[in-house]
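Chemist: requesting a structural model of the entry that follows:
(3 chains)
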Amino acid sequence: MLNPNDVKTVLEAALLAAQEPLALADLKRLFEEEIGADTLRRLLDELREGWQGRGVELVNLASGWRFQTRPEFQQYLERLSHDKPPRYSRAVMETLAIIAYRQPVTRGDIENIRGVTVSTNVIKSLEARGWIDTVGFRDVPGRPALYATTKNFLDDLGLRSLQELPPLEQISSTLDLAPQISSSEQSTAAAEDAAPVSAAD
Amino acid sequence: MLNPNDVKTVLEAALLAAQEPLALADLKRLFEEEIGADTLRRLLDELREGWQGRGVELVNLASGWRFQTRPEFQQYLERLSHDKPPRYSRAVMETLAIIAYRQPVTRGDIENIRGVTVSTNVIKSLEARGWIDTVGFRDVPGRPALYATTKNFLDDLGLRSLQELPPLEQISSTLDLAPQISSSEQSTAAAEDAAPVSAAD
Amino acid sequence: MIETAAANDAPQDEVAGASGVLPPLARAAESRVATVRGEAMLEMPLDLYIPPDALEVFFDTFEGPLDLLLYLIRKANIDILDIPMARLTEQYLEYVELMRRRNLELAAEYLLMAALLMEIKSRMLLPRPRTVLDDEDDPRAELVRRLVEYENMKLAAHKLDALPVLGRDFLTLEVWIEQAAVQRLPQVRTEDLIAAWQSLLMHARMTQHHKVTREELSVREFMSAILRRLHGGQFANFTSLFEVGKGVAVVVVSFLALLELVRESLIEVTQSEPYAPIYVKLAHAQSE
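Modeler: Numbering: from 1, shown residues only, chains lettered A, B, ... in the order given. Now for the predicted structure:
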């Protein structure tokens, strides 16, 4: 005959090894002798109490009892997960870099620099992350939105201001916004920029 | 900062929830702060001792540390599972033993030792179990595959290394002819070993 | 393995009977070394009697000729290192003949072994110099080596099978990992931004290299900040856009940002008359 402690040891081993929550009916099947539902419940409660303060807890769900890790330990366990942390695509990262360093910019500006179309999803994923938002609209046909990085972006990167971003070599391209600028001085600058562009090709 | 007990709690949660054995390097990754390998090993040993007398034990295997149920509790736990894994046939077990103790070996080597043809299914079932794999090809006509046991094999048998395999019986040692026989056996084995073996492809 | 081992033991009990060191079969066989195989089978020794139904099962328990030979050797308590070849060959042939007679499909390996045994036996009959005890010279040496190796592996298989095996004798744990409700998002560091920028440099059609300075970044930052302030389309007092309390540098950068915004036609700066308050609004705010 099993004493209550033996029963608890078996229950614990079975619950730790089970792939699914185990209902009382399942747990009863562990033992040859008949163990009442009340007794089982009491032993399970004791078992649960015995696991207080550990990284794993015994919980009673709709479908039965199961051991699970406590949410507070998620931060540790996440560091273990073998699958690589998710990464943004090159398109997203380049778009983010352009917005961060050249803000405020329109989608057209970004496309000019990258030389390819920027998909709506790229912008949306950065907006959904709360890292960019629309700060205005450029006064040109279509009135494209002007994007800038947010405070949230700075927070998430651990920066106090954009000035803490590392200075970079600049891409000197059509992003100099020449077409939109009416002053003759600026058009000259744009023309200067434009010439070497074709030369570089 | 985490105190040793906190570290143990995190280690325990991670090991209880891990799907695979966790190597020290994996366990180190759990913590932001640097924890020395010696400290980790000591804490793991303490953790292991703390689990004495339970239905579950912490073991140190070829690929790392893992919690597993104690074999004595299998009689209870198997009442919960519907499909018991089938035992392997003698042909499979003898083939496995030859690969484990004489690796790397070709199918021809196995057939020489067993004195019968080894069916492809036998090899396949061991491969499917993840217990053996091809580690190279012998540089003889037909370039037969050389089989060896895997880490997974050691893990599944609760071993840390091949050295923990049960020692072979010294069948001839008690008899008169022993020295000669064993020496001739050795030289034959050495000759076989000396046969050019191409590196794993 | 335990089951098959048990099955292998069963015929041993049945067959070995009450025989001593040498089972009657072996003795009988020894006395008829030169007899024809067929005749030997005419007098099947009692201890070899196996119920016909069990015969197939009996032979099935052997993994091959080496296994059968080992069985014969162990059953008769023969010293494996000094095998009486004549006796062993005779017994082996009797079993093989028995299998053949029972119409059991006989693997070629059994016949090959029969030929080998007979060859060894005949070589044993050749005169050998007594002084040479080198086992290299012993026609049995290779067979013995093989038998010893096979028996080793057979025992090893038993031992392996006796080890607890995952899934059969113990289980791994499956503690549920309580997933955090939040989706795991990509982490981006400033280095990643630099990398993205460098990738842009590689691919963008650049004309010249110059630096994005901290000053320029701060201007860009203020540009965004001013646009945010003006969000909604209302006019803002020009002076309200300057946070004088934050120092001259901030004022200067704010002013540069305003100029840049004007340059890029992103804001409109209006003044009704000289010295009147200057107002700033988004260049195109009406649709806001």
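Chemist: so which residues on chain A come close to chain B?
Modeler: Counting by CB under 8 Å from any CB of the partner chain, chain A comes close to chain B at A:9-10, A:12-14, A:16-18, A:22, A:26, A:29-31, A:53-56, A:67, A:69-70, A:73, A:76-77, A:79-80. For the C-beta atoms, the positions are set from N, CA and C on the backbone; glycine is no exception.
Chemist: which members of the residues you listed occur in helices, if any?
Modeler: Among those, DSSP state H puts A:9-10, A:12-14, A:16-17, A:26, A:29, A:76-77, A:79-80 in helices.
Chemist: pLDDT weak spots in chain A?
Modeler: The model of chain A has pLDDT under 70 over residues A:1, A:81-86, A:169-201.
Chemist: tell me which stretches of it form helices.
Modeler: Using DSSP H, the helices of chain A run over residues A:4-17, A:24-29, A:37-50, A:74-80, A:90-102, A:107-114, A:120-128, A:151-156, A:184-200.
Chemist: ok, back up a step: in ChimeraX, how would I select the buried members of the residues of chain A next to chain B?
Modeler: The following ChimeraX line selects those of the residues of chain A next to chain B that are buried, judged by 16 or more other CB atoms under 10 Å in any protein chain shown:
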select /A:9,10,12,13,14,16,17,18,22,26,30,31,54,55,56,67,69,70,73,76,77,79
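Chemist: ok, which of the residues of chain A next to chain B also contact chain C?
Modeler: A:16-18, A:56, A:67, A:69-70, A:77.
Chemist: leaving out sequence neighbours, find the closest residue to residue A:159.
Modeler: Nearest residue to residue A:159, sequence neighbours excluded (CB to CB, 6 or more residues apart in numbering or on different chains): residue A:165, at 6.6 Å.
Chemist: for that neighbour, which residues are in contact?
Modeler: For residue A:165, the contacting residues are A:100-101, A:159, C:190, C:193, C:217, by CB atoms under 8 Å, 6 or more residues apart in numbering or on different chains.
Chemist: same question, residue C:171
Modeler: By CB under 8 Å, 6+ apart, the neighbours of residue C:171 are A:17, B:68-69, B:74, B:77.
Chemist: now do the residue nearest to residue A:159 against residue A:97, distance only.
Modeler: Separation of residue A:165 from residue A:97 (CB to CB, to the nearest Å): 9 Å.
Chemist: pull up the overlap in contacts between those two.
Modeler: Residues touching both residue A:165 and residue A:97 by CB under 8 Å, 6+ apart: residue C:193.
Chemist: C-alpha coordinates for stretch A:107-115, CSV please?
Modeler: What follows is stretch A:107-115, C-alpha atoms only, in CSV (Å, rounded to 0.1, in the frame of the first residue of the first chain):
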residue,chain,number,x,y,z
ARG,A,107,7.8,57.3,-48.2
GLY,A,108,8.9,58.8,-51.5
ASP,A,109,12.1,60.0,-49.8
ILE,A,110,12.8,56.6,-48.4
GLU,A,111,12.2,55.0,-51.8
ASN,A,112,14.5,57.5,-53.4
ILE,A,113,17.3,56.5,-51.1
ARG,A,114,16.7,52.8,-51.1
GLY,A,115,16.1,52.8,-54.8
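Chemist: what's the helix or strand for residue C:227?
Modeler: Using DSSP states H and E, residue C:227 maps to helix C:214-230.
Chemist: and whichever helix or strand comes after that helix, average pLDDT?
Modeler: Moving toward the C-terminus from helix C:214-230, the next helix or strand (DSSP H and E) is strand C:236-237. Mean pLDDT, strand C:236-237: 86.
Chemist: of the contacts of residue C:171, closest to residue C:144?
Modeler: Closest approach between the contacts of residue C:171 and residue C:144, by CB to CB: residue B:74, at 40.6 Å.
Chemist: leaving out the residues flanking it, which one is nearest to that closest one?
Modeler: Nearest residue to residue B:74 in three dimensions, chain neighbours excluded: residue C:169, at 5.3 Å (CB to CB, 6+ apart).
Chemist: thought residue C:254 was touching residue C:244, still the case?
Modeler: No: counting by CB atoms under 8 Å, residue C:244 does not reach residue C:254; the two are 9.6 Å apart.
Chemist: please, where are all the helices along chain C?
Modeler: Taking DSSP H as the criterion, chain C carries its helices at C:2-16, C:24-31, C:37-40, C:52-60, C:65-75, C:85-101, C:108-125, C:141-162, C:190-203, C:214-230, C:248-263.
Chemist: rewinding a little: any idea how far the residue nearest to residue B:74 lies from chain A?
Modeler: Using CB to the nearest CB, to the nearest Å, residue C:169 is found at 13 Å from chain A.
Chemist: how close does that residue get to residue A:139?
Modeler: For residue C:169, the distance to residue A:139 (CB to CB) stands at 76 Å.
Chemist: between those two, who's got more neighbours?
Modeler: Neighbours per residue, other CB atoms under 10 Å in any protein chain shown: of residue C:169 and residue A:139, the larger number sits with residue C:169, 20 against 17.
Chemist: correct me if wrong: that one contacts residue B:72.
Modeler: No: using CB under 8 Å, residue C:169 is not in contact with residue B:72, being 9.5 Å away.
Chemist: re earlier: just checking the helix holding residue C:227 against chain A, any contact.
Modeler: Yes: Helix C:214-230 is in contact with chain A by CB under 8 Å from any CB, via C:214, C:217-218, C:220-221, C:223-224, C:227-228, C:230.
Chemist: kindly report the same for stretch C:248-256.
Modeler: No: counting by CB under 8 Å from any CB, chain A has no neighbours in stretch C:248-256; the shortest distance is 9.3 Å.
Chemist: touching stretch C:231-250 from outside, list them.
Modeler: A:135-136, C:226, C:229-230, C:251, C:254-255, C:258, C:269-270, C:277-282, C:285-286, C:288.
Chemist: ok, back up a step: closest one of the residues of helix C:214-230 next to chain A to residue B:151?
Modeler: Among these, residue C:217 lies closest to residue B:151 (CB to CB), at 51.2 Å.
Chemist: mind listing what the closest one touches?
Modeler: By CB under 8 Å, 6+ apart, residue C:217 lies in contact with A:101, A:162-163, A:165, A:167.
Chemist: if you rank those by neighbours, which is first?
Modeler: Compared across those, residue A:101 has the highest neighbour count, 26 neighbours, by other CB under 10 Å.
Chemist: gap between that one and chain B?
Modeler: As judged by CB to the nearest CB, residue A:101 and chain B stand 30 Å apart.
Chemist: touching, that residue and residue C:194? I think so.
Modeler: No: Residue A:101 sits out of contact with residue C:194 when judged by CB under 8 Å, with a separation of 10.1 Å.
Chemist: anything in contact with each of these two?
Modeler: In contact with both residue A:101 and residue C:194: residue A:168, using CB under 8 Å, 6+ apart.
Chemist: circling back to that earlier point, farthest pair within the contacts of residue A:165?
Modeler: Farthest pair in the contacts of residue A:165 (CB to CB) is A:101 and A:159. Separation: 12.8 Å.
Chemist: give me the neighbour count for residue 156.
Modeler: This is for chain A. If we define neighbours as other CB under 10 Å, then residue A:156 has 16 of them.
Chemist: wait, chain C was what I had in mind.
Modeler: Number of residues near residue C:156 (other CB under 10 Å) recorded here: 23.
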